[in-house]
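Enquirer: build me a model:
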Amino acid sequence: MIITYHKEGFVKVQQGDLVVAFNPISREIDPKATRFGADLCLVSLNNPSFNGCESVTFGNKDPFIINGPGEYEIDGIFVYGYPSEGADGQINTIFTTEIDGIRLCHLGALANTTLDPKTLEDIGVVDVLFVPIAGGPVLSPKDAAKFATSLEPKIIIPLMVDGKNGEESLKTFNKEIGGSAENRVDKLTIKRKDVEGKEDEVIVIQAS
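Expert: So this is what the prediction gives:
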């Protein structure tokens, strides 16, 4: 599995020919937004910074779009969406899915960590967690760190760290977790065996 980060909450996950795009940025607000073809487009928030599925409609790929809570199965891939409070009081969808034996959870534009206990139970075991840490309309670095560790993921990937306060947010986030922001990569290539034995390991993927 190859994971790349493309600013805001935009994450690309590729496993063989399968391409999943989480929260692509709309070209209407960023004409230079990364463009590629995806099989699935998962949209956490109805906002141009998160719902640009046209950016991942390319070549022979026209993605299946999931833009709200529910349970879905597309070509053998199961996707679960859980409602939460997002930026500006909007409904935010937390997504979980399992690809190649690795359970992924993307918190979208989460703004409030008070979730229904059933939701927390259903999220369950997390191998790789994508968490917004920018503050403002989404979780603050401190709240993001506290919530991220409560889910006990094996790997944590902080998002929304490409702005002017990104480095400061990362420093605060990592201090709260007790880790280091020095584990930085341009892309993350990972297999099931790579997550075994890890706990709250923070990996910063440089935005492209």
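
Enquirer: residue 88 is in contact with residue 112, isn't it?
Expert: No. Applying Cβ atoms under 8 Å, one finds residue 88 not in contact with residue 112, separated by 11.6 Å. Backbone N, C-alpha and C define where each C-beta goes, glycine included.

Enquirer: who touches the helix or strand harbouring residue 174?
Expert: Assessed by DSSP states H and E, residue 174 sits inside helix 166-177. Helix 166-177 is contacted by residues 133-135, 141-142, 144-146, 148-149, 156, 158, 160-161, 180-181, 200, 202, 204 when judged by Cβ atoms under 8 Å, 6 or more residues apart in numbering.

Enquirer: give me that answer again for 7 Å
Expert: Here helix 166-177 makes contact (Cβ atoms under 7 Å, 6 or more residues apart in numbering) with 133-135, 141-142, 144-146, 149, 158, 161, 180-181, 200, 202, 204.

Enquirer: now residue 64: how far from residue 20?
Expert: Shown here: residue 64 relative to residue 20, a distance of 10 Å by Cβ to Cβ, to the nearest Å.

Enquirer: okay, these two: which has more neighbours?
Expert: Using other Cβ atoms under 10 Å as the criterion, residue 64 and residue 20 rank with residue 20 on top: 26 against 15.

Enquirer: point out where this structure drops to low pLDDT.
Expert: Applying pLDDT under 70 to the chain flags the ranges 180-182.

Enquirer: please enumerate the helices of it.
Expert: Along the chain, counting by DSSP state H, helices occupy 117-123, 141-150, 166-177, 192-195.

Enquirer: relative to helix 141-150, how tilted is the third one?
Expert: An angle of 50 degrees separates the directions of helix 166-177 and helix 141-150 when computed by axes from the mean of the first three to the mean of the last three Cα atoms, to 10 degrees.

Enquirer: centre of the chain to helix 166-177, how far?
Expert: 17 Å (Cα atoms, centre = their mean, to the nearest Å).

Enquirer: buried residues, that helix. List them.
Expert: For helix 166-177, the neighbour count (16 or more other Cβ atoms under 10 Å) marks 166, 169, 170, 172, 173, 174, 176, 177 as buried.

Enquirer: just those residues now: which is nearest residue 123?
Expert: Sorting these by how near they are to residue 123, with Cβ to Cβ, puts residue 177 at the top with 18.6 Å.

Enquirer: need the overlap of contacts for residue 64 and residue 20.
Expert: Contact with both residue 64 and residue 20 is made by residues 39, 40, according to Cβ under 7 Å, 6+ apart.

Enquirer: name the residues linked to residue 42 by a beta bridge.
Expert: Beta-bridge partners for residue 42, by DSSP bridges, are residue 22, residue 66.

Enquirer: what count of nearby residues applies to it?
Expert: Close neighbours of residue 42, defined as other Cβ under 10 Å, add up to 27.

Enquirer: quick one: it and residue 23, what's the gap?
Expert: With Cβ to Cβ as the criterion, residue 42 and residue 23 are 7 Å apart.

Enquirer: and for residue 15?
Expert: 18 Å.

Enquirer: neighbour count: those two, which is higher?
Expert: More crowded of residue 15 and residue 23, by other Cβ under 10 Å: residue 23, with 28 against 15.
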